[in-house]
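In: need coordinates for the following:
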Amino acid sequence: MQSACNILRQKAQRSWQPDQEPNPVPKTKIAGEDLSSDIFPGFSMGMQSFAQLLDRLSLEPRRLAKERLLVRYFRDTPDPDRGYALAALTGELTFKHAKPALLRSLVSERTDPQLFALSYDFVGDLSETIALIWPENEVKQTEQVTDLSLSGLVSQLEQAGKTDVPRLLNTWLDSLDETGRWALLKLVTGGMRVGVSARLAKTAVARLGSLKVADIEEVWHGLKQPYASLFAWAEGRAERPENEDPAPFRPVMLAHPLDAEKDTELLQASDFAVEWKWDGIRIQAAAGKTEQGDSVSRLFSRTGEDISRAFPDVVDLLQFNACIDGELLIVSAGKVRPFSDLQKRLNRKTAGPKLIREYPAAIRAYDLLWEDGEDLRSLRFRERRTRLEAFVAGLDREGIDLSPMVACDTWDDIARARDNPGDLLEVHDAEAVEGLMLKRWQAPYTGGRPKGEWFKWKRDPFLIDAVLMYAQRGHGKRSSFYSDYTFGVWRPAENGEELVPVGKAYFGFTDEELREIDRFVRQNTVNRFGPVREVTHGKDAGLVLEVAFEGLNRSGRHKSGVAMRFPRISRLRWDKSPAEADRLQTLTAMLPEPGDG
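Out: You can find the predicted model right below:
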């Protein structure tokens, strides 16, 4: 059995450092150019080449270099292996009986539980920990697994019964090397965490030929694994796959942040329509009929995830033949409720009657993309807006309303609306506004983030000074650093004041600041709770963090009574003592009055 020291040494060899120069990636080129560099030397096409791909992706921080690795892999790997790799990278591959609890059970049978707990605490990633700690098998069945295709592995897992999966995993883990074990476990758990988004994986497929990523996203939801028709189309060997889905997802159009100093000097305010940016989640509501006349209605997130089952009350409203781009909100008696209420319905597979009754969802429509068989996306926004207004008026249905335009002629008018939405909206609506959207009147609806067409101008974030109380190791590349922080503010107590936690944040800081906070945590730990460390946090000793956040809501689940919206570390305040941090009263004064939301 390997010792804990060996585990830590192996982890350190793979560990990412913020300023570390990554391994050089061959200067491969894309879209018909030279791709002759040998990125995956010494591996046959199968599970091992997929493992090598994941390993290189996990250690490569540069987006274009990741894209080159993916293009090379997709170009050189045959069907159906590359299709299943694409499914894994886009989060579309799941296995019913292979769950994290099973993996913990398997490793507990092979290693000392205390050694595993210590190693997992240090490594911070289940798949990597098991891959490192799994005992080497003296008689490896290397040939059996090294030659196993990725598609063969997927097929066996999909067909295996609940009692068969442990035997398969044990056999494969015994046969693979450390990298192979790590990749296998990433595959079966679905938690890739190699810095590749679904969009980047699709971009790499598009670069096999002359397609755009929007072309692939247009047909994506009508495709089935292992995507043979998609690869044939991308490589110019076949026509575009037919999508007969009457309610498909259509690639969303996204906005660039507005640079208030530069953009307002270069752009004409009158060229843009101005809308409120609502504090909900962006959705797409699509409905249509099959050739047999059956109605199909779906609700999608902005990334194309089908969330219909979680919002059956909204799906029931989609009695039309169209596709709406809008915002999903919780609305009661015409009043928009806080985002925290919407969160109670997010990330659920289903919603029961009580939840729907207490948190009724609604759509605030922004755009009309398709209507009665006509694709409207090539029309100018001004024309689409006119069509949308008529469409929503024709629905006359509670639960779908129109997002109002903001009447502005100059940049000064726009700035005033952004800073003071309460001057133009009712209180409950004003508190649900997080900024403005500026859409060029002449712009077509183009998937992706085209330059110069749409801008978002969010309201300035709230800022407070808080004291670091607890820290936990991160995941993936940050698993060697304490990068998840719980912070608090002061409130009255029997003997003066005490700190009460008000939020957690794990981004916003630079690589240098990450090293500084990690060093502080290690040098000022006063208690340990598993992977969590409590740090010094008194009036005279501790670390003050300037925390930025988008909004604040009341919360009965939090000891402080408040819940922050999108908190992040704005900067480190080494110049302040913990006694100078904010009081809970500062936060409660920001809360809306009871009954307003």
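In: got the buried residues for the strand or helix carrying Ala117?
Out: When elements are assigned from DSSP states H and E, Ala117 belongs to helix 113-123. Neighbour counts using 16 or more other CB atoms under 10 Å place 115-116, 118-120, 122-123 of helix 113-123 among the buried residues. C-beta coordinates here come from the backbone N, C-alpha and C atoms, glycine included.
In: break this protein into its domains for me.
Out: 4-189, 256-458, 462-588 (automatic domain parsing).
In: next SSE downstream of the helix holding Ala117?
Out: Next along from helix 113-123, by DSSP H and E: helix 126-133.
In: quick one: list the elements packing against the helix or strand harbouring Gly503.
Out: Per DSSP H and E: Gly503 is located in strand 496-505. Judged by 3 or more CB pairs under 8 Å, 6 or more residues apart in numbering; DSSP states H and E, strand 496-505 is in contact with strand 462-473, strand 482-493, strand 544-549, strand 562-565, helix 584-588.
In: what's the first one packed up against?
Out: Taking 3+ CB pairs under 8 Å, 6+ apart as the contact definition, the neighbouring helices and strands of strand 462-473 are strand 482-493, strand 496-505, helix 511-523, strand 532-535, strand 544-549.
In: just those: most buried one?
Out: Using mean count of other CB atoms under 10 Å, the stretch among the helices and strands packed on strand 462-473 with the greatest mean number of neighbours is strand 544-549 (a mean of 22).
In: what angle separates it from strand 496-505?
Out: Relative orientation of strand 544-549 versus strand 496-505 (axes from the mean of the first three to the mean of the last three CA atoms, to 10 degrees): 50 degrees.
In: buried sites along the very next helix or strand once past strand 544-549?
Out: Once strand 544-549 ends, the next helix or strand along the chain (criterion: DSSP H and E) is strand 551-554. Neighbour counts over strand 551-554 (16+ other CB under 10 Å) mark 551-553 as buried.
In: pairing partners for strand 551-554, with directions?
Out: strand 562-565 (antiparallel) (DSSP bridges).
In: which strands or helices does the helix or strand just after the partner strand pack on?
Out: Where DSSP H and E defines the elements, the next helix or strand beyond strand 562-565 is strand 568-572. Using 3+ CB pairs under 8 Å, 6+ apart as the contact test, the elements touching strand 568-572 are helix 511-523, strand 544-549.
In: tell me the strands beside strand 568-572, with direction?
Out: Partners of strand 568-572 in its sheet, by DSSP bridges: strand 544-549 (antiparallel).
In: who's in contact with the strand it pairs with?
Out: Contacts of strand 544-549 from elsewhere in the structure, counted by CB atoms under 8 Å, 6 or more residues apart in numbering, are 461-468, 485, 487, 503, 505, 508, 564-574, 576-578, 580-581.
In: which strand or helix spans Arg75?
Out: With DSSP H and E as the criterion, Arg75 is inside helix 63-76.
In: from the middle of its chain, how far away would that helix be?
Out: The chain centroid and the centroid of helix 63-76 are separated by 22 Å under CA atoms, centre = their mean, to the nearest Å.
In: check which residues of it are buried.
Out: Buried residues in helix 63-76 (16+ other CB under 10 Å): 65-75.
In: quick check, nearest of the residues you listed to Ala443?
Out: Glu67 (27.3 Å; CB to CB).
In: so that closest one touches Thr203, yeah?
Out: Yes - here Glu67 reaches Thr203: they are 6.3 Å apart, a contact under CB atoms under 8 Å.
In: helices of the stretch 1-150 of the chain, start to end?
Out: In the stretch 1-150 of the chain, the helices defined using DSSP state H, counting those that start in this stretch lie at 4-14, 47-59, 63-76, 81-89, 100-110, 113-123, 126-133, 142-146, 150-159.
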